[in-house]
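K.L.:
below is the sequence, then the predicted model.
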Amino acid sequence: MLAIGIIPARYASTRLPGKPLIDLGGHTMIERVVRQARQANLQRVVVATDDERILRHVRDFGGEAVLTAPDHPSGTDRVREAYEQLGVTADCIVNIQGDEPFIHPGQINALLDLFADLTTQIGTLVKPVVSEEELFSPHLPKVVLDGQEQALYFSRHPLPYQRQHPQSEWLQHHRYLRHIGLYAYRPAVLRAISQLPPSPLELAESLEQLRWLEAGYPIRTAETMLETIGIDTPEDVERALRLIKNQK
C-alpha cells in the first residue's frame, strides 16, 4: 500500500503567528512533526504550506514541501491541493496536523492499518476519556461509535447524556471516547469531500468531520492510548519545552 503523509502548515495564526517555525528545543515545530512522521509506515512525507519561509525552511533541513494557495478554508483543502501537485497515485493520504510535534508514529500506523480493508474511505483516531476535565472540555471533541467502530457523531459536548446519573458520575457508568484529529482518506474521497459545502451540523459544532458524515461518508476509527499535544498558544509552547527537557 502506497501511503503519503501530508502536513498542512500555515504561517498565519491568530494566537501564535509563525507557529510552524517556532523553536522547540533546537528544532522547529514543523521539523519535529516531519521527523516523527518519517518514522511511520509512510512512503513519503510532504509539508503543504502557504508561505515561502516555511517552504525554504523545510527544504533546508532535508524535508519535502510544496507551496499551496493561501486561501484554503481548511487543512483538508490544502492537503488535497498538495496531493494533486505531487502527481502520484496513492492508496491512502494521511492528513497530519502541523502543530503536534509529539505525534507518535504508532498513531499514524494504527490509522494506516484501517486501510487494509478496501472498504475504508476515511479513517481517524479515538482515545478513551480519563478525566472529567477532558470530558467536559469543549476544546476536546468527543465521538460516539456504532458496533463496527464507525463514527456516529462528533460533538464538543459529552455524548451520550446520562439522565439517570449526576454529571460527576458519568465516567463511572459509560466509556467515553475523545476524538484525535488525525485523518486518512482514499484519494477519490479526499477530492469529493473537499468540494462539499459547509453543513448545518458542522456549522453548529465547528467540526469539519460532521460535514462528511452528513454527506454520507462513513468514518472508521482506530483506538489509541497515546496522548497528543497540540500547540496553539504561548502557554502550549512552554508546556512543550518542559516536556522536551524532561525527555532528555
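P.N.:
Looks like it came in fine.
K.L.:
for the chain, name the helix or strand with the lowest mean pLDDT.
P.N.:
Taking mean pLDDT, DSSP states H and E as the measure, the helices and strands of the chain show their lowest mean at helix 234-247, namely a mean of 82.
K.L.:
return the set of buried residues in that helix.
P.N.:
By neighbour count on 16 or more other CB atoms under 10 Å, the buried set for helix 234-247 is Asp236, Val237, Ala240, Ile244. In short, each C-beta sits where N, CA and C put it, glycine included.
K.L.:
can you name every helix or strand that the strand ranked longest in the chain contacts?
P.N.:
Across the chain, the longest stretch assigned as strand under DSSP state E is strand 177-185. Packing contacts for strand 177-185, counted by 3 or more CB pairs under 8 Å, 6 or more residues apart in numbering; DSSP states H and E, involve strand 92-95, helix 105-113, strand 122-128, strand 142-145.
K.L.:
all strands for the protein, in order.
P.N.:
So, for the chain - with DSSP E - the strands run 3-9, 23-24, 27-28, 44-49, 64-67, 92-95, 122-128, 142-145, 151-155, 177-185, 219-223.
K.L.:
which non-adjacent residue is nearest Gln39?
P.N.:
Once its chain neighbours are removed from consideration, Gln39 has its nearest residue in Pro105; the separation is 3.9 Å (CB to CB, 6 or more residues apart in numbering).
K.L.:
same question but for Arg44, I mixed them up
P.N.:
Looking at Arg44 with CB to CB, 6+ apart, the closest residue is Ile4, at 4.7 Å.
K.L.:
wait, what's in contact with the one you found?
P.N.:
Taking CB atoms under 8 Å, 6 or more residues apart in numbering as the contact definition, Ile4 lies against Leu42, Gln43, Arg44, Val45, Val46, Tyr83, Leu86, Val88, Ala90, Cys92, Ile93, Val94.
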